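pasting the sequence and the predicted model now:
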Amino acid sequence: MESAQGKNQALRDAGAIVPTSYEAFEAVIKETFDKLVEQGKITPLKEVMPPQIPEDLNSAIKSGKVRAPTHIISTISDDRGEEPCYAGVPMSSIVERGYGVGDVISLLWFKRSLPRYCTHFIEICIMLCADHGPCVSGAHNTIVTARAGKDLVSSLVSGLLTIGPRFGGAIDDAARYFKDAYDRGLTPYEFVEGMKKKGIRVPGIGHRIKRGDNRDKRVELLQRFARTHFPSVKYMEYAIQVETYTLSKANNLVLNVDGAIGSLFLDLLAGSGMFSKQEIDEIVEIGYLNGLFVLARSIGLIGHTFDQKRLKQPLYRHPWEDVLYTK
Ligand SMILES: CC(=O)SCCNC(=O)CCNC(=O)[C@H](O)C(C)(C)COP(=O)(O)OP(=O)(O)OC[C@H]1O[C@@H](n2cnc3c(N)ncnc32)[C@H](O)[C@@H]1OP(=O)(O)O
């Protein structure tokens, strides 16, 4: 068997550097490293690593004398104690008080406990918007994706991605435009014609199927609930006046579910006494309300995914007969 010295000699003969001590080995490494840094092929570690916090500062931070800057600020939930808290309310209280999903939304989105009629309204919105059959944009995309063999999350998000200004994502804009028009004292005529001049469709108005003589039951249910439980429905009444005007122009220009939720949420915010004017403006400006549709419709889209998998549906292909091929 060849000795270690013999092997080293063979390597030296082949032009390799073979250090004879650990110190010599370190020197070779350092020399090679410095050469690579000089050539710009690598970056010295000290330049890419954050500076070490000195030990005395570290102990001052640990003892609470110095507040280290944080990369994230969070104000809605806390997971550090024995149980998670939503806006300061421990999970056990949420369960013991019999809170529902409307209360959880109140805590996590609005950072406060809202009165029962408000959380009930939120829950009705979620239930009414959970699904609307297999033919609407979101469900269609989800079904096609599930049938292409994709997983739950892919099928869900492919449906969610259709939510936008034409489908389910007009709640925030409806709230914005109705609020602005009402607060400025515009008549429905001035509002609708003003939008027409700007070339903007009135968000919350119009439907593919529903008509003046075939109203959307969901809109009726929301309005009936609000009339019974809300202290004031001034924005809803304004939206109805706008609808009366748009229906005089065309029979499909009904107040749709997005418009109903948008206008009624304005009434919830303004009438509950739980929000300052500044907070209402911020909620409308940031756009919280499309979140209701996104959350609700996720329930249906998940259902459509499971349905297709359960039915073992094959890859979807759209029929040629249903496409107009033209030049
Ligand atoms: C859960 C939901 O998805 S509800 C819908 C949420 N979306 C909205 O509220 C956005 C505003 N509305 C719209 O964009 C439409 O009414 C839709 C997309 C909902 C339905 O549209 P469609 O049935 O396809 O109507 P279509 O696009 O054919 O328009 C028919 C006529 O009504 C007019 N029109 C339709 N909606 C509106 C509106 N909101 N404001 C003013 N005019 C309108 C159109 O300009 C068109 O007139 P024209 O033929 O003279 O150009």
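Done, it's in.

can you name the residue of the stretch 201-327 of the chain nearest the ligand?
As assessed by CB to the nearest ligand atom, the ligand sits closest to Gly206 within the stretch 201-327 of the chain, at 2.0 Å. Where you see a C-beta, it was placed from the backbone N, CA and C, and this is true even at glycine.

give me the spatial nearest neighbour of that residue, chain neighbours excluded.
Leu253 (5.3 Å; CB to CB, 6 or more residues apart in numbering).

in a strand, Ser113, correct?
No - assigned with DSSP: H, G, I helix; E, B strand; the rest coil, Ser113 falls outside any strand and is coil.

excluding sequence neighbours, find me the nearest residue to it.
Leaving aside its sequence neighbours, Ser113 sits nearest to Ser106 (CB to CB, 6+ apart; 6.0 Å).

helix or strand for the one you found, just tell me which one.
Ser106 belongs to helix 101-110 when elements are defined using DSSP states H and E.

which other residues reach the helix or strand just after that helix?
Next along the chain after helix 101-110, taking DSSP H and E as the criterion, comes helix 116-129. The contact list for helix 116-129, computed with CB atoms under 8 Å, 6 or more residues apart in numbering, reads 99-103, 105-106, 114, 168, 218, 221-222, 225-226, 229-230, 257, 261, 264, 268, 272, 274, 292-293, 295-297, 299.

for the residue nearest the centre of the chain, what are its contacts?
Most central in the chain under CA atoms, centre = their mean is Gly291, positioned 6.3 Å from the mean C-alpha point. Each residue near Gly291 by CB under 8 Å, 6+ apart is listed here: Trp109.

mind running it again at 10 Å?
Residues near Gly291 by CB atoms under 10 Å, 6 or more residues apart in numbering: 105, 109, 171-172.

show me what from this structure comes close to the ligand.
Counting by CB under 6 Å from any ligand atom, the positions of the chain adjacent to the ligand are 165-168, 170, 201-208, 250, 252-253, 256-258.

same thing but 8 Å
Selection of the chain residues close to the ligand by CB under 8 Å from any ligand atom yields 129, 132, 136, 165-170, 173-174, 192, 195-196, 200-208, 246, 249-250, 252-253, 256-259, 293.

please indicate which of the residues you listed are buried?
Using 16 or more other CB atoms under 10 Å as the burial test, the residues of the chain next to the ligand include 129, 132, 136, 167-170, 173-174, 192, 195, 202-207, 246, 252-253, 256-259, 293 as buried.

follow-up on the earlier one: by neighbour count, which of the contacts of Gly291 wins?
Using other CB atoms under 10 Å as the neighbour test, these are led by Ile171, with 29 neighbours.

picking up where we left off before, which among the contacts of Gly291 gets closest to Ser63?
The closest of the contacts of Gly291 to Ser63 turns out to be Trp109 (CB to CB; 36.2 Å).

dump the residue contacts of the closest residue to that closest one other than its chain neighbours.
Closest residue to Trp109 in three dimensions, ignoring its sequence neighbours and counting by CB to CB, 6+ apart: Tyr288, at 6.0 Å. Residues near Tyr288 by CB under 10 Å, 6+ apart: 105, 109-110, 171-172, 175, 265, 269, 282.

could I get those as TSV with pLDDT?
Formatted as TSV, the contacts of Tyr288 follow (pLDDT from 0 to 100):
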residue	pLDDT
Ile105	98
Trp109	98
Phe110	97
Ile171	96
Asp172	96
Ala175	97
Phe265	97
Leu269	98
Glu282	96
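
wait, which of the residues you listed is closest to Leu152?
Ile105 (22.6 Å).

how many residues are close by the closest residue to the closest one other than its chain neighbours?
Using CB to CB, 6+ apart and skipping the chain neighbours, the partner closest in space to Ile105 is Ile122 (5.4 Å). By other CB under 10 Å, 25 other residues sit near Ile122.

tell me how far Ile122 lies from the ligand.
Ile122 is 17 Å from the ligand, where distance means CB to the nearest ligand atom, to the nearest Å.

over to His120?
His120 is 21 Å from the ligand, where distance means CB to the nearest ligand atom.

now that residue: how far from Ile126?
Distance of His120 to Ile126, computed by CB to CB, to the nearest Å: 11 Å.

cool, and Leu247?
Remark: distance between Leu247 and Ile126 (CB to CB) = 28 Å.

who has more neighbours, the two?
Set Leu247 next to Ile126 and count neighbours by other CB under 10 Å: Ile126 wins out with 20 against 17.
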